[in-house]
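A.B. asks: Quick one, fold the following:
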Amino acid sequence: MTETTRGNWTSNAGFVLAATGSAIGLGNLWKFPFITWENNGGAFVLVYLICIAAVGLPIMMAELLIGRRSQKSAVGALKEAAGPLWGIVGGWGVIAAFILLSYYTVIAGWSLYYFAKTVGWSIGGLPGGTSMGDVFNAQSGNPGLQLALSLGFSIGTIAVVYFGVQRGIERIARIFLPILFGILVLMLFSALGMSGSGEALTFIFRPNFGALEPKSILEALGHSFFTLSLGMGAMITYGSYIARNQSVVKASGMIVLLDTLIALVATVIMFSVIFSVAGMADEVGGSTVGMLFISLPQLFFSEVPFGSLLGPLFYVLVALAALTSTMSLLEVVTSYMIDERGLGRHKATFISGGAIFVFTIFAALSFTDTPFLSTLNIFGEGKDGWFSTADHFVSNWMLPTGGLFITLAAGWFMTRKATESELVDGTQPGWFRYGAWRVFIRFVAPAAVLAIIIAVILGRDFS
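C.D. replies: Below is the predicted model of the structure:
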């Protein structure tokens, strides 16, 4: 494949792995376990699964079919699907991916730091009296270290996207996703051998509707949308590389299934640890960062069977999940530069990656004592001003509004013939019913995403 050739996924399996990698990210490994804990388990998980099927899956199909039909990036795809003005919605998605990648890279860089630390502790032992809170604060408050970690992850992301769809993104997904699955399975077996695993499984999978609060339903709805990389053009972009003989419906089903399964497995692992350690249940809460980077590291070396091996492997898992997401975000911006600005892939990748890293610098330094950045927290208090502002704006405003307009484009502005030809093409599985999808994408999904936007207007924070 030459630099200027747009390319396609070589197989449906390659595409599913790449798109699943985009959907699987830090939200699966830390946010879903955290919000499941905060919302009392069982009934929340059941509501979440219903929301995934009723909202996440239909929108996933909509984004993929819009991309495949046009074979263009988000801007061009929406122009062709619904009309010239809809290019604005595509551009909104490109900007969302740009901003999201700029701060997501910072968190991804932390996984590299904790991998190195846990390897050192596995070899030399965990020093006595080590405070994980102090360890986290020391690394997040170190400007040079933050910039180095973020730069390292940015270079890795740029290197993957530089080589294109087949030789870069798909090849990495084919290698890294099976490794990710393998590490998860290994950790699951270890977790199920812990004393608290039975209590963890009961907490997660036995519904207690008496503990389900109205806000929990909204939380489940919000996460079912955010977890699948929807609303920012990533799936439209990935869909634009789908060949005509590859099924949009089958791929959508597999992506949603794998993403959900990995979130549940990660939750079982974390909760097995929580319920196995006396007093741990009282310490969990406050932040997703606390669960992933403060509570877990020490537990690997004090409570988890084979923890000295699983600790480093866990942060490899976090890094792989983050990389498969960051490369899809960069591809959204790069594909726009290729399709709409006429640049070759190599030049488009460097320009996009370099521009994004300028804003990554602001995000990386947000946790340090940098007064100017502290003043940029528009939506709340705290010294991590620019980071929090970007996260709040993307999560609460850009992704939901982008998702709403995409559902309207697929459900109301594209013709029935156009959407049906993409979904009912002889490759769809027997369980799929186009009429049902059309009802969900026209009525259920827009209402659900609109409910998220209304909740944000009323003060709810999904960041």
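A.B. asks: Contacts only, for Glu303.
C.D. replies: For Glu303, the contacting residues are 194, 273, 276-277, by CB atoms under 8 Å, 6 or more residues apart in numbering. C-betas here are computed from N, CA, C, even on glycine.
A.B. asks: Just give me the closest of the residues you listed to Trp86.
C.D. replies: Val273 (46.5 Å; CB to CB).
A.B. asks: Including pLDDT, could the contacts of Glu303 go into a markdown table?
C.D. replies: Below are these laid out as a markdown table (pLDDT from 0 to 100):
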| residue | pLDDT |
| --- | --- |
| Met194 | 90 |
| Val273 | 85 |
| Ser276 | 87 |
| Val277 | 80 |
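A.B. asks: Filter these down to just the ones in helices.
C.D. replies: Those of these mapping onto helices are 273, 276, per DSSP state H.
A.B. asks: Any of the contacts of Glu303 buried? List them.
C.D. replies: Among the contacts of Glu303, those buried by neighbour count (16 or more other CB atoms under 10 Å) are 194, 273, 276-277.
A.B. asks: Helices of the stretch 101-250 of the chain, residue ranges please.
C.D. replies: With DSSP state H, counting those that start in this stretch as the criterion, the stretch 101-250 of the chain has helices at 132-140, 143-162, 164, 171-192, 197-205, 214-226, 234-239, 248-276.
A.B. asks: Would you mind finding the most buried of the ones you listed?
C.D. replies: helix 234-239 (a mean of 30; mean count of other CB atoms under 10 Å).
A.B. asks: need the helix or strand of the protein with the lowest average pLDDT.
C.D. replies: Scoring the helices and strands of the chain by mean pLDDT, DSSP states H and E places helix 371-374 at the bottom, with a mean of 55.
A.B. asks: Output the helices of the stretch 101-250 of the chain in CSV, with distance to Val358 appended to each entry.
C.D. replies: Output for the helices of the stretch 101-250 of the chain, formatted as CSV (distance: least, CB to CB, whole Å):
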stretch, distance to Val358
helix 132-140, 20
helix 143-162, 11
helix 164, 24
helix 171-192, 25
helix 197-205, 42
helix 214-226, 25
helix 234-239, 21
helix 248-276, 31
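A.B. asks: Go through those helices and name the closest to Ala409.
C.D. replies: helix 234-239 (10.0 Å).
A.B. asks: which helices and strands does the closest one pack with?
C.D. replies: helix 12-23, helix 57-70, helix 74-82, helix 87-124, helix 307-341 (3 or more CB pairs under 8 Å, 6 or more residues apart in numbering; DSSP states H and E).
A.B. asks: now with 10 Å?
C.D. replies: Packing partners of helix 234-239 (3 or more CB pairs under 10 Å, 6 or more residues apart in numbering; DSSP states H and E): helix 12-23, helix 57-70, helix 74-82, helix 87-124, helix 248-276, helix 307-341.
A.B. asks: Turn these into TSV, columns for distance to Gly164.
C.D. replies: Output for the helices and strands packed on helix 234-239, formatted as TSV (distance: least, CB to CB, whole Å):
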stretch	distance to Gly164
helix 12-23	12
helix 57-70	16
helix 74-82	18
helix 87-124	18
helix 248-276	20
helix 307-341	9
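A.B. asks: Among the contacts of Glu303, which pair sits farthest apart?
C.D. replies: The two members of those with the most space between them (CB to CB) are Met194 and Val277, at 8.9 Å.
A.B. asks: what's the overlap in contacts for those two?
C.D. replies: Common neighbours of Met194 and Val277 (criterion: CB atoms under 10 Å, 6 or more residues apart in numbering): 303-304.
A.B. asks: what about the helices of the stretch 101-250 of the chain, which gets the closest to Gly354?
C.D. replies: That would be helix 143-162 among those, by CB to CB, at 8.3 Å.
A.B. asks: That closest one packs against which elements?
C.D. replies: helix 87-124, helix 132-140, helix 171-192, helix 307-341, helix 345-364.
A.B. asks: Between helix 171-192 and that helix, find me the angle.
C.D. replies: Here the directions of helix 143-162 and helix 171-192 differ by 120 degrees (axes from the mean of the first three to the mean of the last three CA atoms, to 10 degrees).
A.B. asks: Touching, Glu63 and Gly231? I think so.
C.D. replies: Yes: under the criterion of CB atoms under 10 Å, Glu63 makes contact with Gly231 at 8.5 Å.
A.B. asks: Which neighbours do the two have in common?
C.D. replies: Contacts common to Glu63 and Gly231, judged by CB under 10 Å, 6+ apart, are 93, 403, 406-407.
A.B. asks: quick one: which of those is nearest Trp386?
C.D. replies: The closest of these to Trp386 turns out to be Gly93 (CB to CB; 21.6 Å).
A.B. asks: For the closest one, grab the count of nearby residues.
C.D. replies: 34 (other CB atoms under 10 Å).
A.B. asks: Would you enumerate the residues in contact with it?
C.D. replies: Going by CB under 10 Å, 6+ apart, the list of residues near Gly93 reads 63, 73-75, 77-78, 230-237, 332-333, 336, 398-399, 401-403, 405-406.
A.B. asks: Repeat that for Tyr238.
C.D. replies: 9, 15, 18-19, 21-23, 63-64, 67-68, 165, 169, 229, 251, 255, 328, 331-332, 335.
A.B. asks: of these, buried ones?
C.D. replies: Looks like the contacts of Tyr238 have 9, 15, 18-19, 21-23, 63-64, 67-68, 165, 169, 229, 251, 255, 328, 331-332, 335 buried, using 16+ other CB under 10 Å.
A.B. asks: Test my guess that Ile274 contacts Val304.
C.D. replies: No: between Ile274 and Val304 there is no contact under CB under 10 Å: 11.3 Å.
A.B. asks: Now do the shared contacts for the two.
C.D. replies: Joint contacts of Ile274 and Val304 (CB under 10 Å, 6+ apart) are 194, 296.
A.B. asks: Look up phi and psi at the residue located most distally from the centre of the chain.
C.D. replies: Going by CA atoms, centre = their mean, the residue of the chain most distant from its centre is Gly128, 35.5 Å out. When read as degrees, to the nearest 10, the backbone of Gly128 gives phi -60, psi 140.
A.B. asks: Okay, it and Ser302: tell me how far apart.
C.D. replies: Using CB to CB, to the nearest Å, we find Gly128 at a distance of 11 Å from Ser302.
A.B. asks: so who does Gln246 touch?
C.D. replies: Going by CB under 10 Å, 6+ apart, the list of residues near Gln246 reads 8-16, 64, 68, 239, 425, 427.
A.B. asks: Next up, phi/psi of Asn142, please.
C.D. replies: Torsion angles, degrees, to the nearest 10, at Asn142: phi -100, psi 110.
A.B. asks: give me every residue that touches it.
C.D. replies: So Asn142 contacts 113, 148-149, 367-368 (CB under 10 Å, 6+ apart).
A.B. asks: can I get those residues in JSON lines with pLDDT and distance to Val456?
C.D. replies: Below are the contacts of Asn142 laid out as JSON lines (pLDDT from 0 to 100; distance: CB to CB, whole Å):
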{"residue": "Tyr113", "pLDDT": "95", "distance to Val456": "32"}
{"residue": "Ala148", "pLDDT": "96", "distance to Val456": "35"}
{"residue": "Leu149", "pLDDT": "96", "distance to Val456": "31"}
{"residue": "Phe367", "pLDDT": "81", "distance to Val456": "25"}
{"residue": "Thr368", "pLDDT": "76", "distance to Val456": "29"}
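A.B. asks: Fine, thanks again, bye for now.
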